Structure formats: C-alpha cells, structure tokens
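>>> only geometry, no sequence info:
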C-alpha cells in the first residue's frame, strides 16, 4: 500500500507541472524549433499569445536581395510581405505578427532576378491555437 500512495503523490505533482508547462499564464509561449529550406530561408514561431503568432523568417547562410512572404491559413489578402532589400546570411529577416489561426503557414524567400523573382526557399508548417 505504501507504494501506491507514493505513486499517487508523484502523479499529482506531474499533473500540476504539466499544467504549468502548458502556458496557463498570460506570458507568450517560447519559440518553436526552426524549419529551414536550403541556404536562404529558415522560419519559426518566435512567440505566441492568446491572439497573435509572431513568425520570424531569416536567411540562414547566404545573403540575397529580395523579400520574404508569409501565407497564413486565412490566405491573402492581406499578403504578409516585406519590401525588396538586402538580407544577410547571418540570420537577418522579418518577424510577422499575425492573427492566430490553426492551420498551414507557408514562408517563401524571393530573390530579385532581372525584372522578376526567383524562389530561393519555401517552407510550410502547421501552427496556431
């Protein structure tokens, strides 16, 4: 009998700890693992609140001139896009604050090529409430 009482106490403390880990407070959740595609695009959910996701995208290795684009489950419009500029392969890139919706988010890195664009990287991942 002693053993089962001890196990009940351990199980109860585990449930309490699990509730704390689920983010019951108002503080934003910590970042998710990063998702990368090639040398020009990485993305992750940098933070999450009850109503907003902050999705960060960056160039992982090489620099490029162009822009980043984020598609959300709500779809365009509005299109979440940055202006064309130089992004450096040291992790530079934008963070988009978007309304939290469960579903597929897709990130694209577009490089300027002549008068058009070349798709340098493309990632899709599931995120949201």
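Perfect, I can see it now. Treat the numbers as computed from the prediction; the structure is a model and nothing was measured.

>>> which strand residues bridge residue 57?
With DSSP bridges applied, the residues forming beta bridges to residue 57 are residue 43.

>>> neighbours of it, just the number please.
A count of nearby residues for residue 57, using other Cβ atoms under 10 Å, gives 27. Just so you know, the C-beta spots here come from the backbone N, C-alpha and C atoms, and that holds for glycine as well.

>>> same deal with residue 75?
For residue 75, the number of neighbouring residues by other Cβ under 10 Å comes to 9.

>>> could you say which helix or strand holds it?
Residue 75 is located outside every helix and strand, with elements delineated by DSSP states H and E.

>>> could you pull up the residues touching the nearest residue to residue 33 once chain neighbours are set aside?
For residue 33, ignoring the flanking residues on the chain, the nearest one in space by Cβ to Cβ, 6 or more residues apart in numbering is residue 44 at 6.6 Å. For residue 44, the contacting residues are 31, 32, 33, 34, 35, 55, 56, by Cβ atoms under 8 Å, 6 or more residues apart in numbering.

>>> nearest the middle, which residue of this protein would you pick?
Nearest to the centroid of the C-alpha atoms of the chain, with distances taken as Cα atoms, centre = their mean, sits residue 45, at 2.2 Å.

>>> mind listing the strands in this protein by residue range?
35-37, 41-48, 52-58, 64-71, 80-81, 85-87, 95-99, 103-113, 116-127 (DSSP state E).

>>> mind putting these into JSON lines with mean pLDDT?
Output for those, formatted as JSON lines (pLDDT from 0 to 100):
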{"stretch": "strand 35-37", "mean pLDDT": "90"}
{"stretch": "strand 41-48", "mean pLDDT": "92"}
{"stretch": "strand 52-58", "mean pLDDT": "94"}
{"stretch": "strand 64-71", "mean pLDDT": "95"}
{"stretch": "strand 80-81", "mean pLDDT": "90"}
{"stretch": "strand 85-87", "mean pLDDT": "94"}
{"stretch": "strand 95-99", "mean pLDDT": "93"}
{"stretch": "strand 103-113", "mean pLDDT": "94"}
{"stretch": "strand 116-127", "mean pLDDT": "94"}
